[in-house]
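Trainee: Just need the structure, nothing else, for what follows:
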Amino acid sequence: MWKRLTLLWTVVRGDARRLWFALRHPQSPAWLKWGTALIALYLLSPVDLLPDALPVIGVLDDVVLVPLAIRFLLNRLPPHIARAADQRFGTRA
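Mentor: Next comes the predicted model:
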């Protein structure tokens, strides 16, 4: 279990860095900024698909949906921004 959480954290951290780099890129598209804002809003919002009051299941939706949303945005980056992010942070996982 601990190894899986460590692996998930490593993937999310790398994807979050790539997303942050893409947001700061001068040619980043507006949809990327909107999508990132929606992810942040979902994380901060008290309204979830599953309430956080449920002990394990409430946090599980955040742990699954947020990395999937970040990866979704990263997969749709324009090629020149994706290449720049890959050069900066290593090859794509």
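Trainee: Let me know the helix or strand that the most centrally placed residue in the chain is in.
Mentor: Centre of the chain computed as the mean C-alpha position; nearest residue by C-alpha atoms, centre = their mean is residue 70, 2.6 Å away. Applying DSSP states H and E as the criterion places residue 70 in helix 57-75.
Trainee: Which elements pack onto that helix?
Mentor: Contact here means 3 or more C-beta pairs under 8 Å, 6 or more residues apart in numbering; DSSP states H and E; on that basis helix 57-75 packs against helix 2-24, helix 30-44. The C-beta positions use only the backbone N, C-alpha and C, and glycine is treated the same way.
Trainee: Show me which residues of the shortest one are buried.
Mentor: Going back to what we said before, that points to helix 30-44. Using 16 or more other C-beta atoms under 10 Å as the test for burial, helix 30-44 gives 32, 35, 36, 39, 42.
Trainee: how far off helix 2-24 does it point, in degrees?
Mentor: Computed by axes from the mean of the first three to the mean of the last three C-alpha atoms, to 10 degrees, the angle separating helix 30-44 from helix 2-24 equals 140 degrees.
Trainee: relative to helix 57-75, how tilted is helix 30-44?
Mentor: Computed by the same axes, to 10 degrees, the angle separating helix 30-44 from helix 57-75 equals 170 degrees.
Trainee: who's in contact with residue 65?
Mentor: 42, 49 (C-beta atoms under 8 Å, 6 or more residues apart in numbering).
Trainee: lowest-confidence helix or strand of the protein?
Mentor: Ranking every helix and strand in the chain by mean pLDDT, DSSP states H and E puts helix 2-24 at the bottom, with a mean of 78.
Trainee: Any regions of the chain where pLDDT drops low?
Mentor: Where the chain drops to pLDDT under 70, the residues are 1-5, 7-8, 52, 91-93.
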